[in-house]
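>>> sequence first, then the predicted structure, then my questions.
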Amino acid sequence: MRYDQVPNSLFQNNRKNFTSRMKDNTIAVLTSNDVKHNNADDVMGFAQNNDLFYLSGIDQEGTILVLYPDAYKKENREILFVKETNDHIKIWDGEKLTKKQATEVSGIRRIEWLQDFEMVLQYMAFESDGFYLGHNEHLKRITKNQQTQQDRMISWCKEKYPIHEYYRAAKITRALRPIKSDEEIELIKRAAEISVVSFKNVLKACKPNIKEYELEAELTYNLTKSGATRHAFKPIVASGKNACALHYNTNDSTCNDGDMILMDFGVCYANYNSDTTRCFPVNGKFSKRQRDIYTSILHCLKEGSKLLKPGINSLEYEKQMAGLVEGELIKLELLNADDVANQDSENPLYKKYFMHGTAHHIGLDVHDVGLYSRPFEAGMVLTCEPGIYIPEEGIGCRLENDYLLIKDGNINLTEAMPIEIVDIEALMED
Ligand code: GLY
Ligand code: MN
Ligand code: MN
């Protein structure tokens, strides 16, 4: 693997926390993701199932984790099934994890080959009363035309064991994953460090008439060279009015002299992600209007991020953040103060220029799991990302950092990424 081996104490602790929340005498079965294929015999790549990774650290396809904390036999309490290699796999794909390596990565003593899963499970299944199975419970998941390994496991298990009880593993992981351990914070910091290096090199490369995809290439080069696994998501490199399309990522336009670029990008390191947004002028000098808008958003980021502390809930935070952006829209003369005073509170005027949420959990998923009805707590890592989008002026501006919540406030994990106008202009001048 590209990343330094993660201490398996992280996964051992995660399993301890997970099993302590399981009902008595139940078995959890978690599966890896599918390798995604494109046309013919090529693959788009592999991204591990994040709940399986959280509990095992295994970054290989064809993996199943079985946890049975109340098992009568001690050796049945934790079993990891991995794909057994053969001469064909060795010749075509290279090495797969040995049993010894799987133990080193996960801290699990009993490793079995995947083909023995059904038989081994059957020896334990009738001793137990129920199963916890994995399922994607992300609020924004896309299920259309997509059957996952988890879906197949649910169908298979319910057919084989129709009168057991069934429970949702994701309900436990979404309670645990929002609170990051020290090891996880180190991995997010590493992703953030790589983002900083990549961003500084983008600033150096940027000049009028460069293509957006050339700046994307600069990101890709730097993050790959730094040992990152991949982009955290397809980066947005949006110049001029492209920045007003929130999920623009074709990155195929020319960056024109006088325009501003919005770049929203993240790094995935050891499956943990950063997520940052910066804006900068194509020619290295902010125009008066770009400067004013940027200064407004920077003010919202600085003030809004102070709200990210234990005790506040997401609704209250978003309400206060919207108030900050609304105030700046009035200063920028995009909204009229009297109109705002008389606006329909169900349909506030700021939505014309600012239409998205400004904080999400980040971790193994960029939009990490966690219920937003749960007030923020120490140990959570959240983004702060206010923005203003003015298509008629060809300007979109968003700034985004990642914050670790601590007892009395937060720590900006992306502090080292230049954000002050003077610093950005100086770096672009070099
Ligand atoms: N890059 C996606 C987001 O900022 O949430
Ligand atoms: Mn974000
Ligand atoms: Mn982002």
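That came in fine, so what should we check first? Residues are numbered from 1 along each chain as shown. Ligands and ions are numbered 1, 2, ... in the order given.
>>> so what's residue 35 up against?
Counting by Cβ atoms under 8 Å, 6 or more residues apart in numbering, residue 35 makes contact with 43, 45, 46, 61. The C-beta positions use only the backbone N, C-alpha and C, and glycine is treated the same way.
>>> go again with 10 Å.
Shown in contact with residue 35 (Cβ atoms under 10 Å, 6 or more residues apart in numbering): 43, 44, 45, 46, 47, 61, 62.
>>> and which of those is nearest ligand 2?
The shortest distance between ligand 2 and any of these, using Cβ to the ion, involves residue 47 and amounts to 18.0 Å.
>>> that older thread, out of the contacts of residue 35, which two sit at the greatest distance?
Farthest pair in those (Cβ to Cβ) is 44 and 62. Separation: 17.0 Å.
>>> more neighbours: these two, which one.
Using other Cβ atoms under 10 Å, the more surrounded residue of residue 44 and residue 62 is residue 62, with 18 against 9.
>>> quick check, that one in contact with residue 84.
Yes: under the criterion of Cβ atoms under 10 Å, residue 62 lies in contact with residue 84, with a separation of 9.1 Å.
>>> find the residues that touch each one of those two.
Taking Cβ under 10 Å, 6+ apart as the contact definition, residue 62 and residue 84 share the neighbouring residues 96, 113, 114, 115.
>>> and which of these is nearest residue 175?
Sorting the shared contacts of residue 62 and residue 84 by distance to residue 175 puts residue 114 at the head of the list, at 28.9 Å, by Cβ to Cβ.
>>> okay, now the closest one: neighbour count?
16.
>>> ok, it touching residue 66?
No: no contact is recorded between residue 114 and residue 66 when judged using Cβ under 10 Å, the distance being 11.6 Å.
>>> hey, where'd the strands end up in the stretch 151-300 of the chain?
Taking DSSP state E, counting those that start in this stretch to define them, one finds strands in the stretch 151-300 of the chain at 165-168, 230-231, 236-239, 260-265, 267-269, 272-273, 276-281.
>>> partner strands of the fifth one and their direction?
Partner strands and pairing direction for strand 267-269 (DSSP bridges) are strand 230-231 (antiparallel), strand 272-273 (antiparallel).
>>> deepest-packed of those strands, please.
For the strands paired with strand 267-269, the largest average neighbour count (mean count of other Cβ atoms under 10 Å) is found in strand 272-273, namely a mean of 30.
>>> so for that strand, what's the average pLDDT?
The average pLDDT for strand 272-273 rounds to 98.
>>> as TSV, the strands paired with strand 267-269 with distance to residue 120 would be great.
Output for these, formatted as TSV (distance: least, Cβ to Cβ, whole Å):
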stretch	distance to residue 120
strand 230-231	33
strand 272-273	31
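>>> how about those in JSON lines, adding distance to ligand 1?
As requested, those are arranged in JSON lines below (distance: least, Cβ to the nearest ligand atom, whole Å):
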{"stretch": "strand 230-231", "distance to ligand 1": "10"}
{"stretch": "strand 272-273", "distance to ligand 1": "10"}
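>>> sweet, I'm off.
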